[in-house]
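Novice: What follows is a protein structure lacking sequence information:
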């Protein structure tokens, strides 16, 4: 079984992002970048499936600038066998990324595509679903458990009413939730080995795919500062403020 894992280069989750001075975009100058945390979980699950003998190859792919090779090397150090970067200087929307991934999947023909349910920068939670629609593959989102069987995969996911288990015919698409696993750290020997693993670079412009944006970014601004809270002396004062000032109760 071949597993393909899309990953994304994002600002490290510990960094507090700020807009540029002209509010045209997020300021990425000298900012620490990392693999999207949900993508790390997807990669960890794929590597575990390979280690258990359920999969034979794990391929990491990314769509972005040349700097994304750094995150792909991290994926190789974490257990991916080879990697592919579709290089573009533009920040592609989920639909465009899905089209690019579809092209790669048509060429690679993986049995399973595992990706993070969302990226922590855009928080769109769209790519997996769009990709499934383009490929006409069965999908399971927000997976908290994945079990591979002969020609199918069982996926347990959390829903409002509890847990739901879906059985998908392979090939299929799975998006991962935080509860699926705990990603490993890359060891120094594996980091050194990753430098020798295959990493292919393809230009997005050579794929013959329409990746034009359907939306326009107008500005990026910080949310307004929260006003300081107040201390009330009695329950009656609290109820009065909630009713007449905050207007959150009738």
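Specialist: Everything's here; your move. In this text the structure is predicted, and so the values were computed from the model without any measurement.
Novice: Before we move on, what's the pLDDT of residue 36?
Specialist: Here, the pLDDT recorded for residue 36 equals 94.
Novice: The one 10 residues further on now?
Specialist: Per-residue pLDDT puts residue 46 at 96.
Novice: What of residue 208?
Specialist: Residue 208 carries a pLDDT score of 87 in this model.
Novice: Determine the longest strand present in the protein.
Specialist: Counting by DSSP state E, the longest strand found in the chain is strand 139-148.
Novice: What residues sit buried inside that one?
Specialist: Buried residues in strand 139-148, defined by neighbour count with 16 or more other C-beta atoms under 10 Å: 139-146, 148. In short, each C-beta sits where N, CA and C put it, glycine included.
Novice: and if you look at stretch 74-92?
Specialist: 74-88, 92.
Novice: quick one: which of the residues you listed is nearest residue 109?
Specialist: Nearest to residue 109 among those: residue 84, at 13.8 Å, using C-beta to C-beta.
Novice: What's the mean pLDDT across the helix or strand hosting the closest one?
Specialist: In the assignment (DSSP states H and E), residue 84 maps to strand 82-87. What strand 82-87 shows for mean pLDDT is 95.
Novice: That strand pairs with which strands?
Specialist: Applying DSSP bridges to the sheet, strand 82-87 is found paired with strand 57-64 (parallel), strand 198-203 (parallel).
Novice: Give me the contact list for the first one.
Specialist: It refers to strand 57-64. Residues outside strand 57-64 that contact it (C-beta atoms under 8 Å, 6 or more residues apart in numbering): 2-9, 43, 46-47, 50, 68, 71-72, 75-76, 79-88, 91-92, 97, 100-101, 104, 108, 110, 204.
Novice: Filter those down to the ones in helices?
Specialist: Among the contacts of strand 57-64, DSSP state H puts 43, 46-47, 50, 71-72, 75-76, 97, 100-101, 104, 108 in helices.
Novice: Would you map the strands across this structure?
Specialist: Under the criterion DSSP E, the chain contains strands at 2-7, 9-11, 33-35, 57-64, 82-87, 112-116, 139-148, 152-159, 162-169, 172-176, 198-203.
Novice: Out of the ones you listed, which is closest to residue 183?
Specialist: Checked against C-beta to C-beta, the stretch from these lying closest is strand 33-35, at 8.9 Å.
Novice: quick one: strands adjacent to that closest one?
Specialist: Strands adjacent to strand 33-35 in the sheet, as given by DSSP bridges, are strand 9-11 (antiparallel).
Novice: Return the most buried member of the strands paired with strand 82-87.
Specialist: strand 57-64 (a mean of 25; mean count of other C-beta atoms under 10 Å).
Novice: for the record, mean pLDDT for that strand?
Specialist: With pLDDT averaged residue by residue, strand 57-64 scores 95.
Novice: centre of the chain versus it, how much separation?
Specialist: Distance of strand 57-64 from the chain centroid (C-alpha atoms, centre = their mean, to the nearest Å) equals 12 Å.
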